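>>> got a predicted structure here, sequence first:
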Amino acid sequence: METILDNNLPIGTRGKAELTGAKPKWLKVKLPIGQKYSELRGLVDKYKLNTICASGSCPNMGECWGEGTATFMILGNICTRSCGFCGVKTGRPETIDWDEPEKVARSIKIMKIKHAVITSVDRDDLKDMGSIIWLETVQAIRRMNPETTLETLIPDFQGVERIIDRIVEANPEVVSHNVETVRRLTREVRIQAKYDRSLAVLKYLKDQGIRRTKSGIMLGLGETEEEVIQTMRDLRDQNVDIVTIGQYLQPSKKHLPVKEFITPEQFVKYEKLGKEMGFRHVESGPLVRSSYHAEKHIL
C-alpha cells in the first residue's frame, strides 16, 4: 500500500515540477510495516506515548523506528509563535508539566530507543523559555537510558546566551536548530524568527563546544537555487556539521501554499554541493525531515 504525504512537521523552473493539483509521484510513500515498527506501534498505543513520529504521521516513521530512532516533543503542543509553515497549534500554552522529563525518559526506556530526538514548541511566555525542562529532560533520559544517544532540536530561545547555556550544559551528541528557509523568505515563513539570529545560535553552540550542530531547510516556498546554495554556505560559515533539505508540504489551507515541487534530481544536486562545501552529513530529498537518519549524525 502507498499513501501521499500530506503534512509537514518538529522542511527559473529547473529542478521544479509544475503544480497541477496532484502531488508528484515521488511524494508517494509506502505505509510503514515490519516487526520492529509493529512492536513500537503497539507500545505507543498501549502506554499512550507521545511521539512526533506518530502524531505527525511522518513518512519515515517505519524506517526510523526500524533503526531504533524516535522523536519526542516536550513543553506541550501549543506554540507561542505562528509560523506560516507549521502545523502546530498557536495560542496560550498549557502550564508546565514538571513530571514530563521522567515521562519522556520512561517512554524511551519502554520503546528501547537507541537514539532519541527531542524537540519542543516555542515557549516565549516563560522567563526561561522552557530551558529548565529541556535540561531536566536530557538529564532524566541520561539517568534512565545511559546507552541512548540524543539530539536536541531546539528553538532559538530568542538568542539569549544564558538560556542556550542550559543546552550546552546538557551536552547532547547533536544540537539542531533549523533556519527553515532562505533569508529573503524568513519574515514571511517564520514571522517571529530572524535569519541572522538563527545563524548566531548555531555559531554560539559550536563555539561553546557542542560536538555536532545541525540545521534544516524546507524547499518549495518560492526560493531560488542561488538562495538555497547561499543558505547552505551561511550554515557552513557557522561550522554547522549536518544539513537536512526537504520538500515543504502545506499542513492546511490556512498555511503558506506550496509554490513548487522540487524534483529528486535537484535534491541530489544539493546533496552533492553540500558535501563539496564540507558538511559532515547531508540529507537531501523530497521526504527528508529534520530527524531523518538522525542516528547516523552522531558519527
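Cool, the structure landed. Remember, predicted model here, so these are calculated numbers, not experimental data.

>>> give the pairing partners of the helix or strand hosting residue 246; include direction for each.
In this structure, residue 246 is located in strand 242-247 according to DSSP states H and E. Based on DSSP bridges, the strands next to strand 242-247 in the sheet, each with its direction, are strand 212-219 (parallel), strand 281-284 (parallel).

>>> tell me which of those sits most buried.
Across these, the average number of neighbours (mean count of other C-beta atoms under 10 Å) peaks for strand 212-219, which reaches a mean of 26. Every C-beta, even on glycine, is put in place using the N, C-alpha and C of the backbone.

>>> with just CA atoms, put that strand into PDB.
As requested, C-alpha coordinates have been extracted for strand 212-219 and formatted as PDB (Å, rounded to 0.1, in the frame of the first residue of the first chain):
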ATOM      1  CA  ARG A 212      27.800  18.200  16.300                       C
ATOM      2  CA  THR A 213      25.500  21.100  15.200                       C
ATOM      3  CA  LYS A 214      22.800  20.700  12.600                       C
ATOM      4  CA  SER A 215      20.200  22.700  10.700                       C
ATOM      5  CA  GLY A 216      17.300  22.100   8.200                       C
ATOM      6  CA  ILE A 217      15.900  23.800   5.200                       C
ATOM      7  CA  MET A 218      12.500  23.400   3.500                       C
ATOM      8  CA  LEU A 219      12.100  23.900  -0.300                       C
END
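
>>> how far off centre is that strand?
Taking the mean of its C-alpha atoms, strand 212-219 sits 8 Å from the chain's own mean (C-alpha atoms, centre = their mean, to the nearest Å).

>>> now the element after that strand, going C-ward?
Toward the C-terminus, strand 212-219 is succeeded by helix 225-237 as the next helix or strand (DSSP H and E).

>>> outside of the helix or strand hosting residue 140, which residues touch it?
Following DSSP H and E, the helix or strand that holds residue 140 is helix 131-144. Taking contacts as C-beta atoms under 8 Å, 6 or more residues apart in numbering, the residues outside helix 131-144 that touch it are 74-75, 96, 98, 100-102, 104-106, 108-109, 116, 118, 120, 148, 150, 152, 154, 157, 163-164, 166-167, 169-170, 172.

>>> mind running it again at 7 Å?
Helix 131-144 is touched from outside by 74-75, 96, 100-102, 104-106, 108-109, 116, 118, 120, 148, 150, 152, 157, 163, 166-167, 169-170, 172, with contacts defined as C-beta atoms under 7 Å, 6 or more residues apart in numbering.

>>> so where's the chain uncertain?
Scanning the chain for pLDDT under 70 picks out the ranges 1-21, 30-33, 49-50, 54-57.
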